[in-house]
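>>> The sequence and its predicted three-dimensional model are supplied below.
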Protein chains: 2
Amino acid sequence: MKTNANTIKQTIEKVINKENFTPLHAPIFEGNEIKYVTDCIESNFVSSVGEYVNRLEEMLVDYTGAKYAVVTVNGTAALHVSLILAGVESADEVLMPALTFIATANAVSYIGAMPHFVDVDEATLGIDAKKLDAYLSGISQMRDGECFNASSGKRIKAIVPMHTFGHPVDMDALNKVAEKYNITVVEDAAESLGSFYKGKHTGNHSLLAAVSFNGNKIITTGGGGAILTNDEELAKKAKHITTTAKIPHKWEFRHDMIGYNYRMPALNAALGVAQIEQMDKFVNDKRELALRYIEAFRGIEGVKVFQEPDYAKSNYWLNALVLAEGYEDMRDEILTITNDAGIMTRPIWTLMNKLEMFRDCPKMDLSVSESLEMRVVNIPSGAWL
Amino acid sequence: MKTNANTIKQTIEKVINKENFTPLHAPIFEGNEIKYVTDCIESNFVSSVGEYVNRLEEMLVDYTGAKYAVVTVNGTAALHVSLILAGVESADEVLMPALTFIATANAVSYIGAMPHFVDVDEATLGIDAKKLDAYLSGISQMRDGECFNASSGKRIKAIVPMHTFGHPVDMDALNKVAEKYNITVVEDAAESLGSFYKGKHTGNHSLLAAVSFNGNKIITTGGGGAILTNDEELAKKAKHITTTAKIPHKWEFRHDMIGYNYRMPALNAALGVAQIEQMDKFVNDKRELALRYIEAFRGIEGVKVFQEPDYAKSNYWLNALVLAEGYEDMRDEILTITNDAGIMTRPIWTLMNKLEMFRDCPKMDLSVSESLEMRVVNIPSGAWL
């Protein structure tokens, strides 16, 4: 019998011990969350100057192996500042996958720069370095060592690989291409806290990276994010620009550039400290859940659960079903039947180039992204499942 | 005997029952803060979709009398979005006092627009409407009903009165001038939650207003802010643009404009709900402290405590000593002697036009602001004092 949407629903149900409603993801507060947040309130330092802010940064450094972490109000803010510090200016283009969450493109727009969309590899869900190289060799021009889009005349200053659903992009391959064209790499690691590329945590494979602690991420601070970098100077600048660029002084108010009110408040950091203490458990539970999904769907025709690439140890932030080509019609049926049954599922994001405000942005052939857009369904992935 | 810095220090000490260190301001958590934040964590909804977010918005509506409130990650974000919704575009100029906190000018810069600095009135510390009128009549040109700066050629789209230290600007006078030149008014009410102009809460006297709940404000959410408006359409747009401009759909990800990740997390809103419950007490305590300062400094030559204008009932967010002309030399001495003694004081902000990044912005004669910059010292103002 051919696989149908109902087969899919039943297979998910076998894994998740369905309750009345199973969300796609939800945070777990079983550690010191209430204790630390209470302590933070009792200390009276709930705002951006607070002990917990520094503590979360130290723990991020410990966990990720990045030399510096600067926590922010959210992941979008972290990416925005990372791009500014990478030297992106309003006249530039920034390469990014068309298959990403809106924040990647928004952060580029805040600078006034132009997203330039590239295709992904079905094996990684991240930027296809080989296809990118071939594309750039055709459309780019090097001038004084910098890469320009020959047709728009704009400088291509940066590229933002995004680690989709927590699965690391093939960073070695990507960095090689970026180096060839002198394009700065900034990782969008919003989804990949807990994911390692060749044994080294994501966010450590480029100049700067942005992490997110939004409510739906592997750990949460309510809202929050962080900039990771191994460059001391950039870390200092990141802290300066996220705290209104105020020059330290006992009482004087002087600011030396246009800065942002992007520092994470201590109240949120206190939650984050309690959450990051539990990272190992969260990652293990999520990897185990992924394994159970993989087993359950083994042998079901026309669909597989996305698996981490060989080079990666992934956090499996969101599990994804990938339908085989020819099964595209089943996507909406699966979405309807599962959501109607209280099992929250969703398609992958609408491709960025299809949104009104990014329709006129430059783009390469996006055939793999277009195909995946019709074939990927995210399924419940909370670590408690 | 002539007043000296020591007289000032001793007079402050008489009022505040000095401890080892007295900060300029600090939050007070004596209500339901820990209870609500704990409840928020236990509910599992700590992020931007959470009961406390709506509850804080409802309480802000109740308290301020504005028809709509949309809570944000901070006051800067609220002002940024308010300016976008007021129609400010990158080619525009926006009038604002030179005597303000950096966030006012930064928010304009985020849009790519140009701050245009105007002078303040010593009696209100806010924009001097009469002086503004005379200035605009000289430098502006009306074209198709819109106001242009004749020398820069740029449209003057908006004006941002800032209620300094919580003291309301004379909004009737300002609105009259704004109407004459068809300039949209957006209040920077970051410091004025709890302050009323002619019996109506600040933030209700213009198209849109921005409030702040930063750690140093009369109430705090750790970091946070709100947009206030009486226009339903603008309130809807404010919510849309602060939540990544996502179009509501059961599972689809479509966004119809460049949006922001600016929604306040529920964790912060829970703290805010507990705080706003105590507003009446905070305002009363702060008004009483102001009265004690006013009494204590009565009869001391060359200095007075700034008092609310007749039309206002102010929250006295920060108390300010205003030195008489001729006493400017005493300012730094007061700052040194008080801060050395553990009494935190600070001067008013460096004028915006003196900061490197705003040096080339257009400005009018700023003689009053320049004089005040040398004569204002903020003194400890916490409601617990």
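Cool, got the structure.

>>> alpha carbons only for contacts and neighbour counts from here, please
Noted.

>>> Closest residue of the stretch 201-350 of chain A to chain B?
A:G222 (4.3 Å; Cα to the nearest Cα).

>>> Pretty sure that residue sits in a strand.
No: under DSSP: H, G, I helix; E, B strand; the rest coil, A:G222 falls outside any strand and is assigned coil.

>>> residues touching it, list them.
A:G222 is in contact with A:213-215, A:268, A:271, B:46-48, B:265-267, counting by Cα atoms under 8 Å, 6 or more residues apart in numbering or on different chains.

>>> Could you dump those into TSV with distance to A:G145, pLDDT and secondary structure added?
Putting those into TSV (distance: Cα to Cα, whole Å; pLDDT from 0 to 100; DSSP: H, G, I helix; E, B strand; the rest coil) gives the following:
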residue	distance to A:G145	pLDDT	secondary structure
A:F213	37	98	coil
A:N214	38	96	coil
A:G215	42	93	coil
A:N268	43	98	helix
A:L271	45	98	helix
B:V46	47	95	coil
B:S47	44	92	coil
B:S48	44	86	coil
B:P265	44	98	coil
B:A266	48	98	helix
B:L267	48	98	helix
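
>>> that older thread, so what does the residue nearest to the residue of the stretch 201-350 of chain A closest to chain B when sequence neighbours are not counted have for phi and psi?
Nearest residue to A:G222, sequence neighbours excluded (Cα to Cα, 6 or more residues apart in numbering or on different chains): B:S47, at 4.3 Å. Phi and psi for B:S47, reported as degrees, to the nearest 10, are phi -100, psi -160.

>>> ok, now the one 5 residues further on?
The phi and psi values for B:Y52, taken as degrees, to the nearest 10, are phi -70, psi -30.

>>> how near is A:N32 to chain B?
Going from A:N32 to chain B by Cα to the nearest Cα, to the nearest Å gives 11 Å.

>>> hang on, isn't that residue packed against A:A274?
Yes: counting by Cα atoms under 8 Å, A:A274 is a contact partner of A:N32 at 5.0 Å.

>>> more neighbours, those two?
Each of A:N32 and A:A274 has its neighbours counted (other Cα atoms under 10 Å in any protein chain shown); A:A274 has more, 23 against 17.

>>> Name the helix or strand for A:T3, please.
Following DSSP states H and E, there is no helix or strand that holds A:T3.

>>> do the same with the one 10 residues further on
Counting by DSSP H and E, the secondary-structure element that holds A:E13 is helix A:5-16.

>>> from the contacts of A:G222, which is closest to B:E232?
B:S48 (20.9 Å; Cα to Cα).

>>> got the residues of the stretch 101-250 of chain A near chain B?
Within the stretch 101-250 of chain A, the positions adjacent to chain B are A:102-103, A:106, A:109-110, A:214-215, A:221-223, A:244 by Cα under 8 Å from any Cα of the partner chain.

>>> Torsion angles phi and psi at the closest residue to A:Y135 other than its chain neighbours?
Excluding its sequence neighbours, the residue lying closest to A:Y135 (Cα to Cα, 6+ apart) is A:M364, at 7.0 Å. When quoted as degrees, to the nearest 10, the phi and psi of A:M364 stand at phi -90, psi -180.

>>> what domains does the record give for chain A?
A:5-26+A:279-379, A:33-276 (automatic domain parsing).

>>> tell me the most buried of those domains?
Highest mean neighbour count among the domains of chain A (mean count of other Cα atoms under 10 Å in any protein chain shown): domain A:33-276, with a mean of 22.

>>> which non-adjacent residue is nearest A:A150?
A:S140 (5.2 Å).

>>> One more: A:K157?
Per Cα to Cα, 6+ apart, closest to A:K157 is A:I183, 5.4 Å.

>>> State the distance from that neighbour to A:N230.
For A:I183, the distance to A:N230 (Cα to Cα, to the nearest Å) stands at 18 Å.

>>> swap in A:G223?
When Cα to Cα is the yardstick, A:G223 and A:N230 sit 24 Å from each other.

>>> For beta bridges, what are the partners of A:K363?
A:F117 (DSSP bridges).

>>> swap that for A:V377, sorry
Under the criterion used (DSSP bridges), A:V377 bridges to A:L321, A:P347.

>>> measure stretch A:20-34 end to end?
End-to-end distance of stretch A:20-34 (Cα to Cα): 27 Å.

>>> Output the below-cut-off pLDDT ranges for the stretch 101-250 of chain A.
For the stretch 101-250 of chain A, not a single residue meets the criterion pLDDT under 70.

>>> same thing but at 90, please
Across the stretch 101-250 of chain A, the ranges flagged by pLDDT under 90 are A:249-250.
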